[in-house]
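Asker: Pasting the sequence and the predicted coordinates here, then a few questions.
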Amino acid sequence: MEELKQKLKVQIIEALNLQDTRPEDIDDNAPLFGDGLGLDSIDSLELMVLLERQYQIKVEDPREGRKILQSVQSMAEFIQSKQQPA
Amino acid sequence: MKGKCYIQGMAAITPQHTFEGDLSQPLVVTHGNMLSCVEPDYRSFIAPNSLRRMTRVLKMGLAASLKCLQDSGIAVPGAIVTGTGKGSLQDTERFIKEIRDYEEKALNPTPFIQSTYNAVNGLIALQQKCTQYNNTFVHRGFSFEHALLDSMLLLHEGTPDVLAGAFDEITPEHFFIKGRIGHWKKEVISNDALYEHVSPGTISGEGAIFFLLAPTATAQSYAQIGGLEMLYKPSPGKLKTALPQFLQKNGLQVTDIDLVLTGANADSNHAHYYEVLNDLTHCPQLPFKHLSGDYETAGAFALWLAGQMLKQQQIPSQWFPMLQQPPARLRNVLIYNHFFGEQHTFMLVQAV
């Protein structure tokens, strides 16, 4: 899980071109939108694309997306849940 | 053109040091046939959170427009009208490449959004909270001129002021593609030696140039745009008669012109069009493409040059070493430019 979260932070920084942000600056549980990283609605679409490209996970329901993209922790938990064999 | 149109503010990001409007800057010499802009520090104009997403021409367009508004003292213009030949090439190329790489699935929204031609206008409107008329013309070599014509019509109809501009960029990939259809010289040259190499093709360029236009003059006015004439693929006969008619329509004779800025670009395929200026032997004819390179909206750079020269009443000799005898005074500047022989423009720029 820790490894996944670390990898995710690097991927988010790269995908969103967060030039002055380092992986260690992103708190696992801090909100990605609003007060936390200050991302916006276009960033949320970019993060959906990231999930699809890097983890082959397609988020179909936007309401589900809102929960998944709350924080690095919630993203990592979602990825892990999808990667676990049924 | 009925009604008056004055330039109240200007800003230009070009392959020369033009952003501060200082005509004493040295000539930037580029070895190679692709001139790139001298870019300012964008952080003084654009918030970091917005800057991270923008590609080059968007930054250039937004920064030039904001600097122009600063220069004019107007924050929210009555309209935003621009012209671009190619829009954001970087975003277009990235978007197309991703369509191929990801087989039309999982495409990033940002390059798609920013590849649309009106992205710069949208950014300006958002930044300045301007909900007025907003339009972008994409008409190859007439893109800027149509934006200018639309701006002049808006002023005539009562719009208090218009932010008019042009932006275009060149990328290595696009340079390669246009090279294959013969736009650029085969031999590699430096821009300061452009006119010594009369051969097929020219050098490429780019720029983001904005003007704040208003219907009345003030002490801060740079110049008046006295006339604008566009001719699409004119015959030699039509072109020859069009210039005296254009001057006559604006109440001038050939001898009233003090300076001609020409789009002559050492392209032997299209050099003959400039014979239309053969009757203007009494005044200097200065080519400007060695400063800007050639691109669809290079006419905007010529207008910026004319505006600066008229306001400052000087011609920067380091930029125009071919100038032998400067005119005694600068009142009427004629611009003649064409884009690879297709879209031809006469523009009259006058001192206020």
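Answerer: Perfect, thanks for sending it.

Asker: For the residue nearest to residue B:128 when sequence neighbours are not counted, the count of nearby residues, please.
Answerer: Leaving out its chain neighbours, the residue that sits closest to residue B:128 by CB to CB, 6 or more residues apart in numbering or on different chains is residue B:76, at 5.4 Å. Any C-beta I mention is one placed from the backbone N, CA and C, and that applies to glycine too. Residues lying near residue B:76 (other CB atoms under 10 Å in any protein chain shown) number 14.

Asker: can you map out the strands along the stretch 1-150 of chain B?
Answerer: B:6-13, B:79-83, B:133-137 (DSSP state E, counting those that start in this stretch).

Asker: who's in contact with the second one?
Answerer: Outside strand B:79-83, the residues within contact range by CB atoms under 8 Å, 6 or more residues apart in numbering or on different chains are B:61, B:65, B:120-121, B:124-125, B:130, B:132-139, B:142-148, B:150-151, B:154, B:159, B:161-167, B:296-297, B:300.

Asker: any idea how far residue B:112 lies from residue B:96?
Answerer: Per CB to CB, to the nearest Å, residue B:112 is found 10 Å from residue B:96.

Asker: Settle it for me: which of the two has more neighbours?
Answerer: Comparing residue B:112 with residue B:96 by other CB under 10 Å, the one with more neighbours is residue B:112, at 16 against 13.

Asker: Test my guess that that one contacts residue B:92.
Answerer: No: using CB atoms under 8 Å as the test, residue B:112 is too far from residue B:92 to be in contact (9.4 Å).

Asker: and chain A, which residues reach chain B?
Answerer: A:16-20, A:38, A:42, A:45-46, A:49, A:52-53 (CB under 8 Å from any CB of the partner chain).

Asker: ok, those vs residue B:202, which is closest?
Answerer: Nearest to residue B:202 among the residues of chain A next to chain B, counting by CB to CB, is residue A:17 at 34.6 Å.

Asker: Quick check: pLDDT value at the nearest residue to that closest one once chain neighbours are set aside.
Answerer: Nearest residue to residue A:17 in three dimensions, chain neighbours excluded: residue B:52, at 4.4 Å (CB to CB, 6+ apart). Looking at residue B:52, its pLDDT stands at 93.

Asker: Distance-wise, check residue B:52 relative to residue B:297.
Answerer: For residue B:52, the distance to residue B:297 - CB to CB - is 27 Å.

Asker: Between the two, which has more neighbouring residues?
Answerer: Shown here are residue B:52 and residue B:297; by other CB under 10 Å, residue B:297 has more neighbours (30 against 15).

Asker: any idea how far chain A is from the residue lying closest to the more buried one once chain neighbours are set aside?
Answerer: Spatial nearest neighbour of residue B:297, excluding adjacent residues (CB to CB, 6+ apart): residue B:166 at 3.6 Å. Here the criterion is CB to the nearest CB, to the nearest Å. By it, residue B:166 lies 26 Å from chain A.

Asker: now do residue B:215
Answerer: 38 Å.

Asker: thought that residue was touching residue B:3?
Answerer: Yes: here residue B:215 reaches residue B:3: they are 6.2 Å apart, a contact under CB under 8 Å.

Asker: Compare those two (neighbour count), which wins?
Answerer: Ranked by neighbour count (other CB under 10 Å), residue B:215 and residue B:3 place residue B:215 first, with 17 against 12.

Asker: How about the contacts made by that one?
Answerer: Contacts of residue B:215 by CB under 8 Å, 6+ apart are B:3-6, B:155-156, B:160.

Asker: again with residue B:65
Answerer: B:11, B:80, B:120, B:124, B:163, B:165, B:208, B:210.

Asker: show me the contacts for the third one.
Answerer: Okay, so that is residue B:120. B:57-58, B:61-62, B:65, B:82, B:84, B:88, B:136, B:167.

Asker: what do you get if the cut-off is 6 Å, keeping everything else the same?
Answerer: B:58, B:61, B:167 (CB atoms under 6 Å, 6 or more residues apart in numbering or on different chains).

Asker: Chain A versus that one, what's the distance?
Answerer: For residue B:120 relative to chain A (CB to the nearest CB), the value is 16 Å.

Asker: Quickly note the distance from the nearest residue to that residue once chain neighbours are set aside to residue B:253.
Answerer: Spatial nearest neighbour of residue B:120, excluding adjacent residues (CB to CB, 6+ apart): residue B:61 at 3.6 Å. According to CB to CB, residue B:61 stands 39 Å off from residue B:253.

Asker: Comparing these two, which shows the higher neighbour count?
Answerer: residue B:61 (30 against 9).

Asker: which ones are touching that one?
Answerer: Residue B:61 neighbours (CB under 6 Å, 6+ apart): B:120, B:167, B:208.

Asker: where does residue B:298 land on pLDDT?
Answerer: Reported pLDDT for residue B:298: 98.

Asker: wait, it sits on residue B:292?
Answerer: Yes: counting by CB atoms under 6 Å, residue B:292 is a contact partner of residue B:298 at 5.3 Å.

Asker: Could you check which of these two has the larger neighbour count?
Answerer: Ranked by neighbour count (other CB under 10 Å), residue B:298 and residue B:292 place residue B:292 first, with 31 against 27.
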